[in-house]
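Enquirer: Turn this into a model:
(one chain, ligands or ions: 1)
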Amino acid sequence: MSDEMIQKSLVLLKPDAIQRGLVGTIIERFEQAGLKIVGMKMQWVDKNFAKKHYAAHVNKKFYKGLENFITSGPVVAIAIEGILAVDVIRKIVGPTEPGKAMPGTIRGDFAHHAYEYADKKGIAIKNLIHASDSVESAKAELELWFNKNEIHSYKTVHEMHVF
Ligand code: CMP
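Expert: Below is the predicted model:
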């Protein structure tokens, strides 16, 4: 298998996931799929950092709500590696709007926020997780969140079966 098929992606467990005590449950989903955690830390994002992470959304009308949400408590940042990991992780997570996410996805099983509700309240949609949406954004986001020496290289015991 070519090396470019082994990808890394950034997953953030947002403040709602931490405050609801879902950290272990969510991480388990990725581990059960045979994905490999190669970096992890808890961090309280400030407004400057939020603007860097969400640079693509800064001019959107929901940005203020998104900034308030992502800076409202600590998040857990996880670097995850696996075969075509970027897309696989987004499938496990489910679509951005939890109410449209299928049961079996993380958002479908644990959240039900809707855009209409978030817009009306002027808050960000509470969807528990952020996951990089492309290989390019994964690379940029991992560079923003992790120093090189915080990304680890090791073999998992079951790697011969899933990699
Ligand atoms: P995330 O995957 O972190 O990427 C951008 C975030 O902006 C998204 O999850 C949602 O939390 C939020 N978001 C995107 N669209 C909207 C919207 N229309 N209203 C409120 N929040 C949104």
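
Enquirer: now that we're looking at the nearest residue to Tyr54 once chain neighbours are set aside, which residues does it contact?
Expert: Nearest non-adjacent residue to Tyr54, counting by CB to CB, 6 or more residues apart in numbering: Leu66, 6.1 Å away. For glycine as for every other residue, the C-beta is placed from the backbone atoms N, C-alpha and C. Counting by CB atoms under 8 Å, 6 or more residues apart in numbering, Leu66 makes contact with Ala50, Tyr54, His57, Lys60, Ala124.

Enquirer: quick one: low-confidence parts of the chain?
Expert: Along the chain, the parts satisfying pLDDT under 70 run over 1-2.

Enquirer: Would you mind putting the CA coordinates of the one helix or strand Asp109 maps to into CSV?
Expert: Using DSSP states H and E, Asp109 falls within helix 106-110. This file holds the C-alpha atoms of helix 106-110, laid out as CSV (Å, rounded to 0.1, in the frame of the first residue of the first chain):
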residue,chain,number,x,y,z
ILE,A,106,-20.9,10.0,16.9
ARG,A,107,-23.0,13.1,16.3
GLY,A,108,-26.1,11.0,15.4
ASP,A,109,-25.8,9.0,18.6
PHE,A,110,-24.9,11.8,21.1
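
Enquirer: and it, what does it pack onto?
Expert: Judged by 3 or more CB pairs under 8 Å, 6 or more residues apart in numbering; DSSP states H and E, helix 106-110 is in contact with helix 23-32, helix 85-93.

Enquirer: State the distance from Glu28 to Asp46.
Expert: Computed as CB to CB, to the nearest Å, the Glu28 to Asp46 distance reads 30 Å.

Enquirer: any idea how far Ile129 is from Gly104?
Expert: 15 Å.

Enquirer: ok, residues contacting the helix or strand following the helix holding Asp109?
Expert: Per DSSP H and E, helix 106-110 leads on to helix 115-121 as the next helix or strand towards the C-terminus. The set of residues external to helix 115-121 that reach it, using CB under 8 Å, 6+ apart, is Phe62, Gly65, Glu97, Ala124, Ile125, Lys126.

Enquirer: Brilliant, that's me finished.
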